[in-house]
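Undergrad: Let me see the structure of the following:
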Amino acid sequence: MPAVRWLVAVLGLVVAVAATAIATGQRLASTPAGGTDAPAPAAAGPSLRRATSAPPARVVVRYRIERRTTDTATADFIKAVVGALEDRRGWQRAGFDFVLDPRAAYLVVLGEPEEVDRLCRPYDTAGRFSCQNGPVVALNADRWRAATRQWTGDLAAYRLMLVNHEVGHLLGLHHPQPQCPGAGLPAAVMSQQSTELGGCQPNPWPLDWEIKLAADHSHALAPGPDQVFQRPRDPRSPSAADVACKQEGSAPAGRVTLASCPTGPCSSCGSRSSA
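TA: Below is the predicted model of the structure:
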């Protein structure tokens, strides 16, 4: 009998060990590879995309227009200015929206030479040039009527260029250096096309690189004559050096001479005039 009891005990032990092994195997099969503390895989969700920077906010420029002339040759001035500033080929491409507002601080005005000279002081426009002076864009009526002999395009295109050039100054842009990067290329709208084309083709609209520069929106609007700027480099002429503009030392006190050297550095002081 002792042998029988011993045999029964051994069989019971074998059965218990087998049951334990089976239970352990079932637990291991249901446990993640990371162990009992590893979290269960997350449910599949929407894929994540890298965030992209939003385009810069558009800048609203409220302005008003005054025509201080009475002749029929200038009768369409207001319509022409609005058309230029609302055209998608212009500064709108750089994120500017121009809104007519009779109470606006910014003024685009057409005046006779004497009137423009007064509005442009301390710049010396000498009865010939237009200018941007603080919040005022003053356009010379004689230029509006007949353009200049240096301009080889038509009169309608000249008027577009004149508006876009001087409003470009209002947006903080400067005359490029050089004025013409190569014969046959379109001139930058911020070039002084009224006084020289230098072999470039007349162009009334801002070029792509000018749009990119303006779209930065880092330039102060309506800069005044006391601010000094550097002329931007035309990317098509990488060897051209940036030139800091200076006030003309020989000018009368408080004046900036533009007419005496329209192609020299003093003509680009503050980039406000000589269009």
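Undergrad: Please put the alpha-carbon coordinates of the strand or helix carrying L119 into PDB.
TA: Taking DSSP states H and E as the definition, L119 sits inside helix 113-120. Taking C-alpha atoms only, helix 113-120 is exported to PDB below (Å, rounded to 0.1, in the frame of the first residue of the first chain):
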ATOM      1  CA  PRO A 113       4.700 121.500 -61.500                       C
ATOM      2  CA  GLU A 114       4.600 124.300 -58.900                       C
ATOM      3  CA  GLU A 115       2.100 122.400 -56.800                       C
ATOM      4  CA  VAL A 116       4.200 119.200 -56.900                       C
ATOM      5  CA  ASP A 117       7.300 121.100 -56.000                       C
ATOM      6  CA  ARG A 118       5.600 122.400 -52.900                       C
ATOM      7  CA  LEU A 119       4.200 119.000 -51.900                       C
ATOM      8  CA  CYS A 120       7.600 117.400 -52.400                       C
END
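Undergrad: C-terminal to it, what's the next element?
TA: From helix 113-120, the next helix or strand downstream (DSSP H and E) is strand 123-124.
Undergrad: Report the rounded mean pLDDT for that following strand.
TA: Strand 123-124 comes out with an average pLDDT of 94.
Undergrad: Following element in sequence after that strand, please.
TA: strand 131-133.
Undergrad: hmm, back to that, show me which residues of the helix holding L119 are buried.
TA: Across helix 113-120, burial judged by 16 or more other Cβ atoms under 10 Å covers 113, 115-117, 119-120. Where C-beta positions appear, they are placed from N, C-alpha and C, glycine not excepted.
Undergrad: and which of the residues you listed is nearest to A105?
TA: Nearest to A105 among the buried residues of helix 113-120: L119, at 14.5 Å, using Cβ to Cβ.
Undergrad: Isn't that closest one up against E112?
TA: No - proximity of L119 to E112 does not meet the contact threshold set by Cβ atoms under 8 Å, at 10.8 Å.
Undergrad: Now do stretch 151-164: everything it contacts.
TA: Applying Cβ atoms under 8 Å, 6 or more residues apart in numbering, the contact partners of stretch 151-164 are 80-81, 84-85, 87, 90-91, 108, 130, 139, 143-144, 146-148, 189, 193-194, 197, 201-206, 275.
Undergrad: Inside helices: which ones of those residues?
TA: Using DSSP state H, the subset of those located in helices is 80-81, 84-85, 143-144, 146.
Undergrad: which of those sit farthest apart?
TA: By the measure Cβ to Cβ, L85 and A146 form the most distant pair in the ones in helices among the contacts of stretch 151-164, at 22.6 Å.
Undergrad: neighbour-wise, which of these two wins?
TA: L85 (22 against 12; other Cβ atoms under 10 Å).
Undergrad: before we move on, back to that, need the contact partners of the helix holding L119.
TA: Contacts for helix 113-120 (Cβ under 8 Å, 6+ apart): 68, 109, 111, 124-131, 133, 136, 138-142, 272-273.
Undergrad: And stretch 193-202, by the same measure?
TA: 129, 143, 147-148, 150-153, 157-158, 161-162, 165, 178-187, 191, 203, 262-263, 267, 274-275.
Undergrad: In which helix or strand does L213 reside?
TA: Using DSSP H and E, L213 falls in helix 208-215.
Undergrad: Please export the C-alpha coordinates of that helix as PDB.
TA: Taking C-alpha atoms only, helix 208-215 is exported to PDB below (Å, rounded to 0.1, in the frame of the first residue of the first chain):
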ATOM      1  CA  ASP A 208       8.800  89.200 -59.600                       C
ATOM      2  CA  TRP A 209      11.800  90.100 -57.500                       C
ATOM      3  CA  GLU A 210      10.200  93.400 -56.600                       C
ATOM      4  CA  ILE A 211       7.000  91.700 -55.600                       C
ATOM      5  CA  LYS A 212       9.000  89.300 -53.400                       C
ATOM      6  CA  LEU A 213      10.800  92.200 -51.800                       C
ATOM      7  CA  ALA A 214       7.500  94.100 -51.100                       C
ATOM      8  CA  ALA A 215       5.700  91.000 -49.900                       C
END
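Undergrad: So which bits of that helix are buried?
TA: Buried residues in helix 208-215, defined by neighbour count with 16+ other Cβ under 10 Å: 210-211, 213-215.
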